[in-house]
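A.B. asks: here is my input, please return the structure:
(chains A and B)
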2 protein chains.
Amino acid sequence: MFYKIKKLLIGEPLKSSQLHHEKFGIFKGLAILSSDAISSVAYACEEILWVLIPIMGLLAYQSLFYVTISILVLLSILIFSYRQTINSYPKGGGSYMVSKENLGELPSLVAGSALTIDYVLTVAVSSCAGSAAIISAVPALLPHRVTLTVLIIIMMTLGNLRGVRESARIFSIPTYFFIFITIIMIAIGIIKYLFLGYVPQPPVGMPEVYGDLTIILFLKAFSAGCTALTGIEAISDGVANFKAPAPKNAKIVLGLLFLIVVIIFGGVSYLSTIYHAVPNLEKTVVSQIAEMVFGKSSLMFYLMQIATTLILIMAANTAFSDLPLLLSFIARDGYAPRQFTKRGDRLSYSNGILALALLASLLVIIFNGESHFLLPLYAVGVFMSFTLSQTGMVMKWIRSKEAGWRHKAFINGFGAFITLIATVVIGVNKFVHGAWMVFILIPLGVFIMKKIKRHYDTTAEQLTMEGNKFPEIDKDLVKHFIVPVGGLNRSVIKTINYAKCLSNDIVAFHVSTDDDETKKLKQKWEKYKIDVPLVIEKSEYREILAPLEAFIKAQNYSEHDIITLVLPQITAEKLHYNALHNQTATLLRSSLLKSRNIAVITVPYII
Amino acid sequence: MFYKIKKLLIGEPLKSSQLHHEKFGIFKGLAILSSDAISSVAYACEEILWVLIPIMGLLAYQSLFYVTISILVLLSILIFSYRQTINSYPKGGGSYMVSKENLGELPSLVAGSALTIDYVLTVAVSSCAGSAAIISAVPALLPHRVTLTVLIIIMMTLGNLRGVRESARIFSIPTYFFIFITIIMIAIGIIKYLFLGYVPQPPVGMPEVYGDLTIILFLKAFSAGCTALTGIEAISDGVANFKAPAPKNAKIVLGLLFLIVVIIFGGVSYLSTIYHAVPNLEKTVVSQIAEMVFGKSSLMFYLMQIATTLILIMAANTAFSDLPLLLSFIARDGYAPRQFTKRGDRLSYSNGILALALLASLLVIIFNGESHFLLPLYAVGVFMSFTLSQTGMVMKWIRSKEAGWRHKAFINGFGAFITLIATVVIGVNKFVHGAWMVFILIPLGVFIMKKIKRHYDTTAEQLTMEGNKFPEIDKDLVKHFIVPVGGLNRSVIKTINYAKCLSNDIVAFHVSTDDDETKKLKQKWEKYKIDVPLVIEKSEYREILAPLEAFIKAQNYSEHDIITLVLPQITAEKLHYNALHNQTATLLRSSLLKSRNIAVITVPYII
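C.D. replies: Presented below is the predicted three-dimensional model:
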């Protein structure tokens, strides 16, 4: 039953040999690797206006220009830096890898921790924004916002568990659809205003203030707008997925991404200036502009909404393909549970996918599906890992001293310096709005990863065959068998008979919580002439574990003795019926296996 | 660690002998058993106005009077009926018990199913309403409504897992506090209007319509108001908890409850009429009245809000004490998982409490914490179980033919008839608003309960010692041992040594998913001279279960053979580290125990 549903949802299991990485060219690569970066452009302009308008009123639009330009400059610095990363890491250079190779353990763990948090946030934020776009089209869904968002996450989870290959072709469409329709909007918007004499309606809800653009205000706006730059590292992470010559293709895609971001981000900024869009909680800036450009309730307006929803979901999907891969790297280094290195039935890293889905859904539920509350947590981690990755590159150049290393080190060093400043600016400005959580979560993540590594190291040490001191077991010392019995039935008889075949030192152990039942058991024991001694202990606490442990202790076995517990376990053929049986056997097993010298035999009785 | 947290949250385990049912007198009994009924009065008046005002406008207040009177008449009929139930079932006569004794299996399961659904709804609705009251005091909590509601449920869960006894005294306060403050509000409200010449402000948002009170409209309003009657069966369920003479005390409490409902429901209805309260989504009718009577932001207004929150939480708490008890009855009859009959560490029915908390939280999350969407699902089940319980009483009188049975059968018969009509009216009127879900869930519940019963019956049949055909086991047939190995380490050595003590027919079984690793294993096997044959199978699907099953099948053992699987299991001393190890042993065990003739030994190796 379970397997049937699983097969239906995620498909037939695949053979390991069926794993082949599909390589993509420029067209597909741009679509798949840049959806995160392009989609974040869609709300960056809005975030800047949220900061400026309450203080500067109408003057905000002028300052928006300067902030946009600064962010685009920062972007171009990053693009130059990442071109070098692509050259040096043709197999993919995420900040975790680059920091690990060039900066050492701690920075790499900080990068790993920051990236993990950011990927989880990407999924949470993008799916909240996606469901918000759906709800603005179908308001009846409003009360089910959280449910809807979680459903979107579940759908993405299933899609990714199936494996992305089969859907990869479809994945190109939303990105180009969004780019296409946004560029059309920008073009028509500019033409309408400059040449057709369209006069936008006076802005609604514009406060009557005319403050100055102070440095502080500028930095605040700048750090709000930096969300536009999240996601651009995806291309250098994914170089290995390009067709040969991979680095060259990746760099072309990076260049195209730069061009698109400049056009869309610059265009949307310019349109908000001339159309005086005022951000509010009901309608996004982009949809306000679309309404004015295309007309209210026009087909194009709705297409714009659909395109936004789709690219947001695509952006969340980027995290679904990147985080499990990152976790598999971290796990291979021993800093994350080993399960993350295993490929599931469909060859995807299913444990990573499930962990991501779970954490993102939890965030969505806790923050009630409001992406606005999640955004301040977002950019800090991204810029922190930018900085680490660039610094790593600098160290690499200094060490290698290859031709032109000074020039290259300067470019990455400048990138590191600028992103470090951006990290500090964002961290300070967004601190009280939620970024403080990130400053707790990243060290916590590092701490846990170190703990995990230490545990794996200890385990390996204790399990190694080196040293050759094998635990010797004396045959007579393993023959103490205990059969815990609740009552007497066929399952118990089968268990006792089984035990008799292996040992002749068997004791049946009963914990009495009800005098009548115990009396009945004793009578049955005599009636059916069970030739195994029955030990009865009374328990006032309605549980079997403590009395059993006390009994074993009272036997005064030597430390070399191995006690074997033989548990009758009733199992239903239909799995879901097992919930109806007391899981005493399971409980005993999991509790007693903590003791060094207790082996547990489970003897099934199938109903 | 886990046990420490558990102890901290719910306290030290209690001995079975410490179980004693605290009996309560009239004062405490009224407080504890009637909070549900009294709290539902608080929103019933509002629900009626929601139906009437959009059609009748100002005329609605006049019709409110008739609807209120009809509901109070229905209440008095129910009170008479339940007096008889109390007399006949001094140990407590919930509808499940009464239907079971007098009507048979199916009706009792319908009652059990309906009651279970209603208790879950009680918790969900009341805690949503409670958190709404908190949020109207602290608006900053609005984005965390769902989280807050779930937190309230978690707190109630912990309180009930601790056991109610210690908090029972505190539980009387909210009910009396609410009664007291509501009666003061009614008194001041009437005096202010009749004698002090207070003229209420004209109602805001009153539609300009003057429709007629048609029969259909009346029935709709009536069924909306019937939520006022939920919870009154609690007293007859809990007769056993009263001090002697229990039935007499219970009947006095029932009479007092009637009195209080008449005063509060009648009073609030009258006040909404003279103060023209108009229900809206922001402010409850009761709080509107409180604002007009006590003054905006007055101390008394806030006390009223607090009292409302507290009694709503108390009402939810009723479900927490009643449903686990009901489930334990149903489970004892074999219609629900047996785990519901077990008392936890603190002698409360902890499994029932946890199940209730889980289901209610799920509802809260799905319905996004909006009690308004949950209410239509509510009253149908209550009235269905009223009807079944009354019908059961009628059958009882007809069968017993005791003195005055005609008279008594008439009272209960009349009650059954009226509540049946109410069930139909509510079911029809609320059908499209959500009551249809109840009509799916109740049969589903009955179906599941029957399935469970059948499974338990089959199990008992197959396990019985009667017939005396014990499975015989030949010693030689149980000695086939298989040790699955992933690699070679000390834990595996320990396991093989252990197996050697019990059998000399041992095979080590390795599934190869990586050629390099398999080669290494073979080399180690030779290097350390392991004298057990090593079987290697290749698997393309990265899993061990199917190859192992195939291998066992290929051995062509007879059906009397028992194969014993010996699993090395690495266990960390600190439990939370176990998540870091591949749970292959656990997986194999749970999968293979489905086979009739495979016993599983787990040999621990502690890190």
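
A.B. asks: can you tell me the closest non-neighbouring residue to A:Thr513?
C.D. replies: Sequence neighbours aside, A:Arg542 is the residue nearest to A:Thr513 in space, at 5.1 Å (criterion: C-beta to C-beta, 6 or more residues apart in numbering or on different chains). (Each C-beta comes from the backbone N, C-alpha and C, glycine too.)

A.B. asks: what number of residues lie near the closest residue to A:Phe294 other than its chain neighbours?
C.D. replies: Once its chain neighbours are removed from consideration, A:Phe294 has its nearest residue in A:Met300; the separation is 3.9 Å (C-beta to C-beta, 6+ apart). The burial metric for A:Met300, expressed as a neighbour count using other C-beta atoms under 10 Å in any protein chain shown, is 16.

A.B. asks: just confirm A:Met300 is within a helix.
C.D. replies: Yes - note on A:Met300: a helix contains this position according to DSSP: H, G, I helix; E, B strand; the rest coil.

A.B. asks: now it: how far from A:Cys226?
C.D. replies: 30 Å (C-beta to C-beta, to the nearest Å).

A.B. asks: what ranges does chain A have for its strands?
C.D. replies: Counting by DSSP state E, chain A forms strands over residues A:480-484, A:505-512, A:534-538, A:563-571, A:598-606, given from the N-terminal end onward.

A.B. asks: each with direction, which strands does the fourth one pair with?
C.D. replies: Going back to what we said before, that points to strand A:563-571. Neighbouring strands of strand A:563-571 in its sheet, by DSSP bridges, are strand A:480-484 (parallel), strand A:598-606 (parallel).

A.B. asks: pull the distance from the last one to the chain's centre.
C.D. replies: Between the mean C-alpha point of strand A:598-606 and the mean C-alpha point of its chain there is a distance of 38 Å (C-alpha atoms, centre = their mean, to the nearest Å).

A.B. asks: for it, buried residues please.
C.D. replies: When burial is assessed from 16 or more other C-beta atoms under 10 Å in any protein chain shown, strand A:598-606 yields the following buried residues: A:598-605.

A.B. asks: likewise for stretch A:553-567?
C.D. replies: Going by neighbour count (16+ other C-beta under 10 Å), the buried part of stretch A:553-567 is A:561-567.

A.B. asks: so for these, which is the shakiest by pLDDT?
C.D. replies: Of all the buried residues of stretch A:553-567, A:Asp561 has the smallest pLDDT value, namely 80.

A.B. asks: next, the contact list for A:Val286, please.
C.D. replies: By C-beta atoms under 8 Å, 6 or more residues apart in numbering or on different chains, A:Val286 lies in contact with A:42-43, A:45-46, A:268, A:304, A:308.

A.B. asks: and the residue most central in space within chain A, how far from A:Ala124?
C.D. replies: With distances taken as C-alpha atoms, centre = their mean, chain A has A:Leu356 as the residue nearest its mean C-alpha position (2.9 Å). As judged by C-beta to C-beta, A:Leu356 and A:Ala124 stand 10 Å apart.

A.B. asks: over to A:Gly112?
C.D. replies: When C-beta to C-beta is applied, the distance between A:Gly112 and A:Ala124 equals 19 Å.

A.B. asks: the residue nearest to the centre of chain A contacts A:Ser321, doesn't it?
C.D. replies: No - if you go by C-beta atoms under 8 Å, A:Leu356 and A:Ser321 don't touch, sitting 10.2 Å apart.

A.B. asks: what does stretch A:408-428 rub up against?
C.D. replies: Outside stretch A:408-428, the residues within contact range by C-beta under 8 Å, 6+ apart are A:74, A:77-78, A:80-81, A:84-85, A:219, A:222-223, A:226, A:379-380, A:383-384, A:386-387, A:390-391, A:393-394, A:397-398, A:435, A:439.

A.B. asks: residues of the stretch 1-150 of chain A that sit close to chain B?
C.D. replies: Those residues of the stretch 1-150 of chain A that sit near chain B, judged by C-beta under 8 Å from any C-beta of the partner chain, are A:13-17, A:143-147.

A.B. asks: tell me where the model's unsure across chain A.
C.D. replies: Low-confidence segments of chain A, defined by pLDDT under 70: A:1-2, A:20-22, A:93, A:137, A:164-169, A:281-282, A:467-474, A:476-477, A:582, A:596.

A.B. asks: now the farthest one out in it, which residue is it?
C.D. replies: Checked against the mean C-alpha position of chain A, the extreme residue using C-alpha atoms, centre = their mean is A:Lys527, at a distance of 60.4 Å.

A.B. asks: closest point of the stretch 101-250 of chain A to chain B, which residue?
C.D. replies: Closest to chain B within the stretch 101-250 of chain A is A:Pro143: 4.9 Å, counting by C-beta to the nearest C-beta.
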